[in-house]
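Asks: here are the coordinates; sequence isn't available:
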């Protein structure tokens with residue numbers, strides 16, 4: 001073979017060899033020990049304790065119910081019943097100790113994450129009430145007219 005064929009071939013072989021060396025340095029020895037599990041079909045045995053030690057940030061409605069039963073009940077009977085409290089109030093982490101109060105997100109942009117009009121008739125978003133952001137009270141926060149725990153105007 002000619003020189004112009006050998007050089008790219010050797011370069012490709014060198015790249016593959018370099019990749020294998022780098023992989024052997026960066027991939028832990030216990031990677032894939034239990035076979036195909038967890039994300040992307042791989043698992044690292046030493047990662048189990050890391051996940052057990054990982055601090056839970058989002059607690060869910062049942063955690064909120066302990067102190068805010070009336071708000072949780074109102075939410076469960078509203079159109080927002082599928083949403084967790086922390087979608088709007090932020091992660092509870094160590095609440096009520098730290099932070100003592102959760103910040104309440106009241107911006108229009110928070111509501112528009114779900115309720116902005118998207119012209120996709122085949123998606124689930126087509127079934128969700130949407131607003132025309134240019135004509136529906138532009139510049140106003142949604143909570144001025146809608147109670148987030150009961151978003152129907154009749155419930156205010």
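Replies: Everything's here; your move. The structure displayed is predicted, hence computed values, not measured ones.
Asks: And what about the residue nearest in space to the middle of the chain, helix, strand or coil?
Replies: To find the centre residue of the chain, average its C-alpha atoms and take the closest one (Cα atoms, centre = their mean): that gives residue 87, at 9.4 Å. Following DSSP: H, G, I helix; E, B strand; the rest coil, the label given to residue 87 is helix.
Asks: For it, give me its contacts.
Replies: Residue 87 makes contact with no residue, according to Cβ atoms under 8 Å, 6 or more residues apart in numbering. The way it works is simple: take the backbone N, C-alpha and C, and place the C-beta from them, glycine included.
Asks: Check residue 57 too.
Replies: For residue 57, the set of contacting residues under the criterion of Cβ under 8 Å, 6+ apart consists of 91-93.
Asks: just checking, next helix/strand downstream of the longest helix belonging to the chain?
Replies: If each helix of the chain is counted by residues according to DSSP state H, the longest one is helix 3-26. Heading C-terminal from helix 3-26, the first helix or strand you meet, by DSSP states H and E, is helix 47-53.
Asks: tell me what the following helix or strand past that following helix is packed against?
Replies: Moving toward the C-terminus from helix 47-53, the first helix or strand encountered (DSSP H and E) is helix 61-65. Here helix 61-65 is seen to pack against helix 69-76 when contacts are counted using 3 or more Cβ pairs under 8 Å, 6 or more residues apart in numbering; DSSP states H and E.
Asks: Report the buried residues of the helix or strand bottoming out on mean pLDDT in the chain.
Replies: For the chain, using mean pLDDT, DSSP states H and E, the weakest element among its helices and strands is helix 47-53, scoring a mean of 81. Of the residues in helix 47-53, none has enough neighbours to count as buried (16 or more other Cβ atoms under 10 Å).
Asks: Likewise for stretch 71-91?
Replies: Neighbour counts over stretch 71-91 (16+ other Cβ under 10 Å) mark 71-72, 74-75, 78, 80, 84-86, 88-90 as buried.
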